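> Fold the following.
(2 chains)
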Amino acid sequence: MAVESPPAISIRGITKRFLSTLALDHVDLTIGRGEIHALVGENGAGKSTLIKTLAGLYQPDEGEIRIDGKPVQPWAEAVPVSFVHQDLGLVDDLSIGENVALVAGFPRTYGLISWKRVWTQTQDIYLAMGVDAPDPRALVGTLTAASKAVLGIVRALSQETSIVVLDEPTASLPGPDAQHLFDILKRLRASGKSILYVSHRLNELFGLVDKVTVFRDGRHVRSSSIETLTPDAIVRDMLGHDLELHHHSGAGVQHEATLLDVSDLCTGSQGPLSFSVAAGEIVGLVGLRGAGHEMIGRAIFGAQRQSSGFVRLGGEEIAPELSIADRIAKGIALLSGDRLQESAIGGMTLRENLFPNVARTAGALLHPIRLDRETNRVMGVLDRFDVRPRHESALIDWLSGGNQQKVFVGRWLATGARLYIMEEPTAGVDIGAKGMIHRILRDIATAGSAVLVVSSDFEEVASLCDRALVITRGAITAELFGASLTLDGLITRSALGAEPERLVQ
Amino acid sequence: MSNSVLGKGASPPAPASSGLKSQRLSNWIAVYGLLIVFLLVMIVFGVLRPSSFLSVTNINSILVSQSVTAMLALAEMIPLATKQFDLSVGYHLGMAQVLIIGLQVQQGFGWPETAALILVLSLAAGFVNGALVTWFKIDSFIATMGTGTMLYGFSNWYSNGEQIVGMSLPRSFTGLSMIYHGLPLPALYVSLIAIILWCVTERLPIGRNLYVIGANVRAAELTGINVSGHVMGAFIASGFISGLAGIVLGSLLQTGTPSVGPEYLLPAFAATLLGATSIRPGRVNVIGTLISVLVLAFSFSGVQQLGAPFYIQYFFNGGILIVAVGLSVYAARRRQRAATSVNSR
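Have a look, this model is predicted:
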C-alpha cells in the first residue's frame, strides 16, 4: 500500500506530571476513521487527564497529538474534537433548541435571533443523525435521562467535528435507554466519525466498540481489537494481575436477627430490590459513581420517594408515607454523603450541630433545654471521638472535614438509632479520622445496630464491611462476603454488571 | 489548610491553639461590639449635651416612642431566624393602628373587644403569610410584600385614606402608653415580649430549630425538624406581635392614619439586622435587636439635639440597613472561606 490515510487521531508519548505525581506516563492512543474506541481503566488510571489534555485544559509535559496527520496543540488552538461529559452540561430551565444553540450558535436575521431558525436548526441536527426530533421548544428539565444523553450527543455533533469524545455517557442510564444511545453511536460510526468512548461498564463494550485501550496507573497497558478480548481479560489488564474471585459455597457469618428487611423496593431509577441486613452487621451498598444507588438508602430514610415495595425494620413495616421525623423516631439514621450541603449547619456551634433537633434526642419542643446536661453530653462526644477543637462553642465551620464528620456521626449516635445508613462516611476525611470513624461504625454494629454503608469507595467497603451488595443499573448483581469481599472483587463485579451471581432473598 | 487564611483569625484553628485564641478575641469583640457602641453614644452625647440628652424626660420619651419600633423589630426577628422575610409587618402595624382607633370612634366598640378582634385578624394574616411561603412555596419576600400591600389597601378602604381622630377615647385605652410612676408602660410591654422571645429562642428546642432552619434548611429536614410547621409558626408569631404593636401605637398617637405604620418597617428591619451582628454574631437575636433599637434611637436623638434636621433619620436608617447587611455578608464570607479552606484540602 503506497499511501495509507492517516488515523483520525494519534497520540504519542504524552506525559503529564502534577507535582510529584505522574498522571500520564508516555501514553499512546490511535483511533482510526469510523472507529469506536473504548478507553477503560480504574479511577486514577489517567483517563480523565488524557481527555482534559485533548480538551485543551492541560498542556502535556511531553508528547505529540496528531489529528488527520497534522500535529495540533489543543491547549493553544481550536481542534475539531467535541466532548460529551458525564454531566452533559445542559441547562434544565432552557428549551432543547436553546441548549443546542448555546453550542451551535443562535441563527440571526438582521442581527436579531430568529427563533424559527433556532427550532429548525435543532430539528435538522436531530434528523441528520437519524433520530426523531423532539419538540425543540420543550424544556430540557422535562426530558428523561435518556433523552438528555441523546441531546448531549446531538448537541456535541452540531459542531461538525470528525472526532467525538464521550465520557461515561451511560453512567446514570437504565439498560434499554443505554441501548438506544448505542444505536446512535453505531450510526455515527457508519457516517465516518471517530468516537473515543470512556466507560466503567465493560459488558456494554462488547457489540459496540471496535477497539479497547486499557490504562493503568497513568500507563498504556494494551490496545487491542475487541474480538480478541474477553471481559475477564480486560479486567486483568485493569488490575494488573489475575482475578481473585473466591466462590463460596457456605453462608457468611451468621448474625442473630434480621433487622432491616427490604423487599421489591423501587425508587427513582433503582429497583426492584430485595435484601436484608442483620443486627450487628455492616453491609455495603456499592455502585459506580453516578449509578444512583444512594437513592436506596434515601428511600429507606424517607428522603426520597418510594414508588413500591416494602421496608421492614425489626419486623415492623415502615410505611412509605412516614416522614423523616417518624423514621428517626423508629430508629433510622442517615448520614448524608454531602457534608457541606446537607450535614453542616454553618455558623452554628458544635453543641448545636450535635443536637440540632433537641426534641428528637431529649425532651419535647416546649421543654426547656437542660444546658448543663447537654454540655456534659457534648463534651462526652467530643472526648470520645477526639474532636478538635474541644470546645462546645466552636463553630462547625472552623473544623477540618474529618472532625466535622465525627460530629455528624455523633449527631446520629445521639438519636440511639437501630439502623445507620452511612453515605460515603469517610469521603474527604483525613486518615486519622477515617480510622476513627471506621472504629465507631464497628462499635455501633457490635452494640447490636445494623449499618448500611452506601458507597462508591470500593477500598473502604472491602476493608469495613461484612458483606457487600453490588448495584448495577438499579439492581443487585452480586453479593460478596467473607474472602470474596475484596477490592478486586468489587471492581470486577461493578464493572461487569453481570447476571446476578447469587440472588438474595 | 492554607496558612494565609489561618493568619486572619476567621479561619479554622490549627492544631496549635493560637488560631483559636485570636478566633476567640475577634469573637469577643463581635459579641459585645454593639453594646460598646451604645455606651459610647451615651457618653459622647451626654458630654456634648449634658442637660438635655441624659435627662429623664428625654430618656423616657425615647423609650416610649421607640417601643413600637422595638416590638416590630422583635416581630420581624422571628421569621428572619429561619431566613424568611416578613415585609408585611409595617402595613400590618398600620392596619392594627387604624382599626383600634376607628372601631372605637366610628363603630363605638369598646377597646378590649377591638383589641381582641385585631389580634385574631393578626393571627390570620400571619397564617396567610405562612401558608403562602410553606404550602405554596412562594418566596417570602414576594409573598409578604403582596399580603402587606393588600393589608395597606384594607386600611385605606376602612379609613377612606384619611386620618381618623380618636376623640373621647377612654382613659383606660390612652393610659396603655403612659408613663406610670416613672415607668414607661410601652417599655414594659417590650420587656415582656423580649423575655418570652428570649426564652423561646435561647432555651427551647423550638428556638434552636428555627435557627437550624435558617442556617441550613436541608440539614434541618434531614434531622427530622418539621420545617414548614416552624416557618408557619414564625409568621403567625410575627403577625401577632405586629398587631400588639399597632394597638400600642394607636394608644400612643390617639389617631389612626394608614400611612404611619409602613414608616416603621425600615427602622425595624435595620434594628433586627444590625442586632444580628452582635451578642450572637451571625444570627438575629433578642438582646442584639433591643440594643440596636436603643443605639439607633439615642444616636438619632443626639444628632438631632446637635441641630441636625429631621430628615437625617432616613439617611440614618437606610445607612444602618446597608451597613448591617454588609457586616453580616462579610462575616458569612469569612466563615465560608474558612470552611472551604478546610474542606478542599
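> Residues touching stretch B:198-209, excluding its own?
The contact list for stretch B:198-209 (C-beta atoms under 8 Å, 6 or more residues apart in numbering or on different chains) reads A:352, A:355-359, A:363-369, A:371, B:81, B:210-211, B:220, B:225, B:230, B:233, B:285-287. C-beta here means a position set from N, CA and C on the backbone, and glycine is covered the same way.
> and the gap between residue A:47 and chain B?
23 Å (C-beta to the nearest C-beta, to the nearest Å).
> ditto for residue A:285
Separation of residue A:285 from chain B (C-beta to the nearest C-beta) stands at 18 Å.
> contacting residues for the closest residue to chain B within the stretch 101-250 of chain A?
Residue of the stretch 101-250 of chain A nearest chain B, by C-beta to the nearest C-beta: residue A:141 (16.4 Å). Applying C-beta under 8 Å, 6+ apart to residue A:141 gives the contacts A:92, A:93.
> what residues are up against residue 219?
The chain I'm using is chain A. A:25, A:26, A:27, A:46.
> please go with chain B instead
Neighbour list for residue B:219: A:342, A:343, A:344, A:345, A:356, B:212 [criterion: C-beta under 8 Å, 6+ apart].
> thinking residue A:8 is in contact with residue A:196, fair?
No. If you go by C-beta atoms under 8 Å, residue A:8 and residue A:196 don't touch, sitting 9.6 Å apart.
> what sits in contact with each of these two?
Common contacts of residue A:8 and residue A:196 (C-beta under 8 Å, 6+ apart): A:31, A:163.
> how close does the residue of the stretch 401-505 of chain A found nearest chain B get to residue A:429?
For the stretch 401-505 of chain A and chain B, the shortest gap (C-beta to the nearest C-beta) falls at residue A:401, measuring 5.0 Å. Computed as C-beta to C-beta, to the nearest Å, the residue A:401 to residue A:429 distance reads 5 Å.
> List the residues that contact the spatially closest residue to residue B:261 that is not a sequence neighbour.
Computed as C-beta to C-beta, 6 or more residues apart in numbering or on different chains, the closest residue to residue B:261 that is not its neighbour in sequence is residue B:94, at 2.3 Å. Counting by C-beta under 8 Å, 6+ apart, residue B:94 makes contact with B:151, B:152, B:155, B:246, B:257, B:258, B:259, B:260, B:261, B:262.
> try 7 Å
B:152, B:155, B:258, B:260, B:261, B:262 (C-beta atoms under 7 Å, 6 or more residues apart in numbering or on different chains).
> So what does the residue in the stretch 151-300 of chain A that chain B sits nearest to have for phi and psi?
For the stretch 151-300 of chain A, the residue closest to chain B is residue A:298, as judged by C-beta to the nearest C-beta, at 9.6 Å. Here is the backbone geometry of residue A:298 (degrees, to the nearest 10): phi -70, psi -30.
> Does the residue nearest to it when sequence neighbours are not counted lie in a helix or a strand, and which?
Counting by C-beta to C-beta, 6+ apart, residue A:298 lies nearest to residue A:304, which is 3.7 Å off, once chain neighbours are set aside. Taking DSSP states H and E as the definition, residue A:304 sits outside all helices and strands.
> Can you report phi and psi for residue A:304?
phi -150, psi 140.
> which residues touch it?
By C-beta under 7 Å, 6+ apart, the contact list for residue A:304 reads A:267, A:268, A:295, A:298.
> List only buried entries from the contacts of stretch B:198-209.
A:352, A:355-359, A:369, B:81, B:210-211, B:220, B:225, B:230, B:233, B:285-287 (16 or more other C-beta atoms under 10 Å in any protein chain shown).
> Narrow the residues you listed to those in helices?
Counting by DSSP state H, the part of these found in helices is A:352, A:358, A:359, B:81, B:210, B:211, B:220, B:230, B:233, B:286, B:287.
> Just give me the closest of these to residue A:39.
Residue A:39 has its nearest neighbour among these in residue B:220, at 43.3 Å by C-beta to C-beta.
> ok, that closest one touching residue B:213?
Yes. The pair residue B:220 / residue B:213 is scored as a contact, 4.5 Å apart, by C-beta atoms under 7 Å.
> Contact partners for the residue of the stretch 201-350 of chain A found nearest chain B?
With C-beta to the nearest C-beta as the measure, residue A:325 is the residue of the stretch 201-350 of chain A nearest to chain B, at 3.7 Å. Listed by C-beta under 7 Å, 6+ apart, the contact partners of residue A:325 are B:224, B:226.
> got a pLDDT number for it?
Listed pLDDT for residue A:325 reads 93.
> which secondary structure element contains it?
Counting by DSSP H and E, residue A:325 is part of helix A:324-329.
> from the chain's centre, how far out does that helix sit?
28 Å (C-alpha atoms, centre = their mean, to the nearest Å).
> Quick check: what element follows that helix along the chain?
strand A:332-335.
> Check the average confidence over that next one, would you?
96.
> just stretch A:124-142 next, same as before
The model assigns stretch A:124-142 a mean pLDDT of 85.
> Check which residues of that stretch are buried.
A:125, A:126, A:129, A:131, A:133, A:134, A:136, A:140.
> Among the residues you listed, list the two that are farthest apart in space.
A:129 and A:140 (17.6 Å).
> Chain A against chain B: which residues are in contact?
A:303, A:324-325, A:328, A:334, A:336, A:340-348, A:352, A:356-360, A:363, A:365-366, A:368-369, A:389, A:395, A:397-401, A:428 (C-beta under 7 Å from any C-beta of the partner chain).
> Please identify which helix or strand holds the nearest residue to residue B:259 once chain neighbours are set aside.
In this structure, residue B:259 finds its nearest non-sequential neighbour in residue B:94, 7.3 Å apart by C-beta to C-beta, 6+ apart. Residue B:94 is part of helix B:89-105 when elements are defined by DSSP H and E.
> for that helix, the distance to its chain's centre please.
19 Å.
> May I have it as PDB, with CA atoms only?
The C-alpha coordinates for helix B:89-105 follow below in PDB (Å, rounded to 0.1, in the frame of the first residue of the first chain):
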ATOM      1  CA  VAL B  89     -45.100  43.900  59.400                       C
ATOM      2  CA  GLY B  90     -45.300  47.700  58.700                       C
ATOM      3  CA  TYR B  91     -48.600  47.500  56.800                       C
ATOM      4  CA  HIS B  92     -49.800  45.100  59.500                       C
ATOM      5  CA  LEU B  93     -48.900  47.600  62.200                       C
ATOM      6  CA  GLY B  94     -50.800  50.300  60.200                       C
ATOM      7  CA  MET B  95     -53.900  48.200  59.900                       C
ATOM      8  CA  ALA B  96     -54.000  47.500  63.600                       C
ATOM      9  CA  GLN B  97     -53.500  51.100  64.500                       C
ATOM     10  CA  VAL B  98     -56.300  52.300  62.100                       C
ATOM     11  CA  LEU B  99     -58.700  49.700  63.400                       C
ATOM     12  CA  ILE B 100     -58.000  50.200  67.100                       C
ATOM     13  CA  ILE B 101     -58.900  53.900  66.800                       C
ATOM     14  CA  GLY B 102     -61.500  53.500  64.000                       C
ATOM     15  CA  LEU B 103     -63.600  50.800  65.500                       C
ATOM     16  CA  GLN B 104     -63.800  52.700  68.800                       C
ATOM     17  CA  VAL B 105     -64.600  56.100  67.200                       C
END
